Structure formats: structure tokens, C-alpha cells
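S.K.: What follows is a protein structure lacking sequence information:
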């Protein structure tokens, strides 16, 4: 991990002093972290994750490395594209017969798919970071897609925000196992109302353990019994 910290700092043209200041630690502390003579704390790891917009699970993955700025950008773009496709697939398979689904229910389906993939394969579909918000776990990028994607249609129905597709999503970025998980989870919850799926996610360990606004580690889902994963 120390090599990744050094690489990310350098490709973003940050000095040790400037990165240390952003992390809220001394330059000397960062030097020890980069040398491997001091372990990075959980709070420092979370701050580092926020600065470079990389999920903590990816930072801790010893197989992930960044050698050039272009490769880092490629990683970020692919991660977002997979998440984007995951959102569209959940609309396609999770919507009611009229093709519409509430924004809140959609966010929960996306979360369940990502975390179920980690539970089954120790690898999420997108790898984006989810936070504990009022209506359940959600990736911040979810709101960007809903608000700005032209392939998605938004309709206000009473107090609910309804989401539907303007065009069919592509499957090219998702492998067969990922598509299978999405279809299985969406089919299970297709006829459930929004409150039912919200209550289900609120009973899960990831929701109960984390504090409001805190990032939810994918690893917490592993403590659930199989029937409680989705």
C-alpha cells in the first residue's frame, strides 16, 4: 500500500508536505507511512480515500497499482462506467410493469447488487464507496447519474421520484456472473414496495454498525447469513 500512496501522490503532483496537510498529519508521519515504518490508521486511510476518490477496498488491494496518470484515469473511468451500467440494469430489471421505479428503491437495488457480488466473489461490481444516508446505503455517484444522465427519465409522482429508461442499457462492461446477480436481486424485489427494501437494508450489519454519513466497508456484508445478503 505504501507504494500506491507514493505513486498517487506523485502522479497528482503533490509534495509530501501538501498531502500531509490535506490528510491532517505531519510531513514526518507521512514519510514514515511511505517508508513502511508506520502503519496508516483507519482515519488516515479514509482521508486518503477521500482525497484521491478511491474506495478503501481498492487501496488495500495489494494487486492494484498505479504507474501512470493515464492508467489511474482509466481505472476511475472504468469503475464509473461499470457503476453506471449497474444503475441502468437495475432500472431495466427492477422496475414495475410500467417501466418505472422509485429513486430510493433503485438506490437500494444497486447497493444490494454491489455488496452481494462482494459476498459471493470478494469483488464488488463497481467498487465505488457507499455511505450511510437517511434512506439507506448509497454511492454518491448515484445522484450524479440520476440527475444528469440523458438515458434516464425522471418523473415526480406525489412525494416519490420515479425513474425510468429512455434507452436500453448495454451489457458489455458486466460479466455473466454480475448480470446474473443483478437479475436475481431485481426479480426478488421487483414487486416489493420501497419501504420494504429500505427496512431490509436497515436490518443488515453494514447499516447497523456504521455511523450516519460514514463510508460502509464491503467486508461488513460477510457477517450476514446468506438469506440476509439480499
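M.R.: Ah, there it is. Only a predicted model underlies this, so the values are computations on that prediction, with no experimental measurement involved.
S.K.: okay, CA-based contacts and neighbour counts for the rest of this
M.R.: Fine.
S.K.: ok, residues contacting whichever strand or helix holds residue 196?
M.R.: Using DSSP states H and E, residue 196 maps to helix 194-202. Taking contacts as CA atoms under 8 Å, 6 or more residues apart in numbering, the residues outside helix 194-202 that touch it are 102, 104, 105, 108, 135, 136, 137, 189, 207, 208.
S.K.: Now the element after it, going C-ward?
M.R.: Counting by DSSP H and E, the element after helix 194-202 in chain order, helix or strand, is helix 205-209.
S.K.: buried ones in that following helix?
M.R.: For helix 205-209, the buried set under the neighbour-count rule, 16 or more other CA atoms under 10 Å, comprises 205, 206, 207.
S.K.: What residues does the residue lying closest to residue 101 once chain neighbours are set aside make contact with?
M.R.: Counting by CA to CA, 6 or more residues apart in numbering, residue 101 lies nearest to residue 95, which is 4.7 Å off, once chain neighbours are set aside. For residue 95, the contacting residues are 101, 164, 190, by CA under 8 Å, 6+ apart.
S.K.: how close does the last one get to residue 173?
M.R.: Going back to what we said before, that points to residue 190. Using CA to CA, to the nearest Å, residue 190 is found at 23 Å from residue 173.
S.K.: can you check residue 45 too?
M.R.: Distance of residue 45 to residue 173, given as CA to CA: 29 Å.
S.K.: rewinding a little: with the contacts of residue 95 in mind, which one is nearest to residue 9?
M.R.: residue 164 (40.5 Å; CA to CA).
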